[in-house]
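Asks: sharing a model that was predicted from the sequence below.
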Amino acid sequence: MRVQRLHDDTRRSWVDPDQARPVRVTVWGDTVWDDTAGGSAPGSRPLTVLSHGTGGQALDLAWVAEALAARGHVVVGIDHHGNTSTGPYLPEGFAFVWERPRDVSFVLDWAVEALHVDPARISAVGFSLGGYTCAALAGARIDATVLQAVMDRHVPMPPLPEMPDLLDQLSHRYPGPALAGVLAGAGESVADARVSRIVMLAPSLGALMTDQSLEAVSVPALVMWGDADAEAEPVSNAQRYASLIPGAQGASRGADVEHYWWLADHPSGESLRHAVAPEIVDFLNRS
């Protein structure tokens with residue numbers, strides 16, 4: 001396992017706008033770290049990117065990474081700027097969620113050049129808000145009118161224990177019409193055609209996605225959830241993704257399974273993670 005600190009010069013840091021956007025990645029699996037390691041190298045490996053949940057980090061999905069690395073994948077976990085426990089929490093990182101799939105696309109650009117991976121075999125796995133990230137990479141789009149209603153406080157925002165004053169912070173940092181200007185592009189596509197399979201674990205933001213965009217997703221998708229999930233209630237999240245994405249494989253992993261059982265350090269979820277890891281590997285290894 002190796003940590004790499006990258007910077008996306010096409011986007012700005014939310015801490016210091018004079019600096020490039022930081023993107024911290026953790027890499028698992030046998031690979032090559034020199035300038036000769038392009039994706040066309042003989043024997044290059046499949047690449048899987050990981051997207052953590054709200055306020056989390058790549059290591060939350062280490063159990064997935066280790067299972068995939070053991071089966072020959074190079075796995076790159078992303079710590080999303082402003083929304084990760086490895087850096088300061090920032091309101092933009094929690095609200096501007098469409099920046100997460102852009103993080104992934106930036107990391108893919110880097111990975112196919114810097115690592116010994118096959119650009120024709122790229123997958124994405126995400127938990128909670130990371131599940132949304134995977135769907136967005138496959139073409140799902142936010143309904144900008146619904147998002148604006150949430151930001152205008154006309155529609156209640158789901159509980160956000162990591163940043164309960166999110167709307168107040170955004171109003172302070174983006175006064176007047178500034179926030180509306182930022183939100184104007186929220187419904188744009190952030191799809192990346194290089195991602196050929198997605199796995200969504202207890203995904204969130206399902207109610208914000210347009211039906212049409214979910215119905216247009218064409219990549220194979222695996223959706224898993226627990227019926228006792230109180231943070232990303234399955235009916236409006238995981239089950240909505242599973243029912244609208246054509247051909248998606250979707251299943252509850254148990255009546256007692258809670259949201260955070262998917263995290264690597266949650267003791268109650270040990271048997272859950274042990275059971276689903278090989279299913280995820282098998283799904284991503286299908287041709």
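Replies: On my side now, so go ahead.
Asks: list of residues touching the helix or strand residue 68 falls within?
Replies: Secondary structure from DSSP states H and E places residue 68 in helix 62-70. Here helix 62-70 makes contact (Cβ atoms under 8 Å, 6 or more residues apart in numbering) with 26, 28-30, 48, 50, 58, 75, 77, 125, 264, 273, 277-278, 280-281, 284. Any C-beta I mention is one placed from the backbone N, CA and C, and that applies to glycine too.
Asks: and stretch 233-246, by the same measure?
Replies: Stretch 233-246 is touched from outside by 131, 135, 138, 140, 200, 202-207, 209, 211, 214-215, 217-218, 221, 223-227, 229, 232, 248-250, 252, with contacts defined as Cβ under 8 Å, 6+ apart.
Asks: now do it, average pLDDT.
Replies: Summarised as a single mean, pLDDT over stretch 233-246 is 98.
Asks: now do the end-to-end distance for that stretch.
Replies: 21 Å (Cα to Cα, to the nearest Å).
Asks: got a ChimeraX select line for the buried ones in the contacts of helix 62-70?
Replies: Listed next is the ChimeraX selection for buried residues among these, using 16 or more other Cβ atoms under 10 Å:
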select :26,28,29,48,50,58,75,77,125,264,273,277,280,281,284
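Asks: among the contacts of helix 62-70, which are in strands?
Replies: 26, 28, 48, 50, 75, 77, 125 (DSSP state E).
Asks: could I get these as TSV with distance to residue 96?
Replies: Listed next are those as TSV, based on distance: Cβ to Cβ, whole Å:
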residue	distance to residue 96
26	23
28	28
48	25
50	20
75	26
77	20
125	22
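Asks: show me the helices in this protein, by range?
Replies: Counting by DSSP state H, the chain has helices at residues 62-70, 91-95, 99-114, 129-137, 144-151, 166-173, 178-183, 211-215, 238-244, 270-285.
Asks: and among those, the most buried is which?
Replies: Neighbour counts (mean count of other Cβ atoms under 10 Å) averaged over each of the helices of the chain peak at helix 129-137, with a mean of 31.
Asks: relative to helix 99-114, how tilted is that one?
Replies: Interaxial angle, helix 129-137 versus helix 99-114 (axes from the mean of the first three to the mean of the last three Cα atoms, to 10 degrees): 70 degrees.
Asks: now helix 129-137: mean pLDDT?
Replies: For helix 129-137, the per-residue pLDDT averages 98.
Asks: the closest residue in space to residue 88 that isn't next to it in sequence: neighbouring residues, count only.
Replies: Using Cβ to Cβ, 6 or more residues apart in numbering and skipping the chain neighbours, the partner closest in space to residue 88 is residue 15 (6.7 Å). By the criterion of other Cβ atoms under 10 Å, residue 15 has 15 neighbours.
Asks: before we move on, the earlier item: filter the contacts of stretch 233-246 to the buried ones?
Replies: With neighbours counted by 16+ other Cβ under 10 Å, the contacts of stretch 233-246 contain buried members at 131, 135, 138, 140, 200, 202-206, 209, 214, 217, 221, 223-227, 229, 232, 248, 250, 252.
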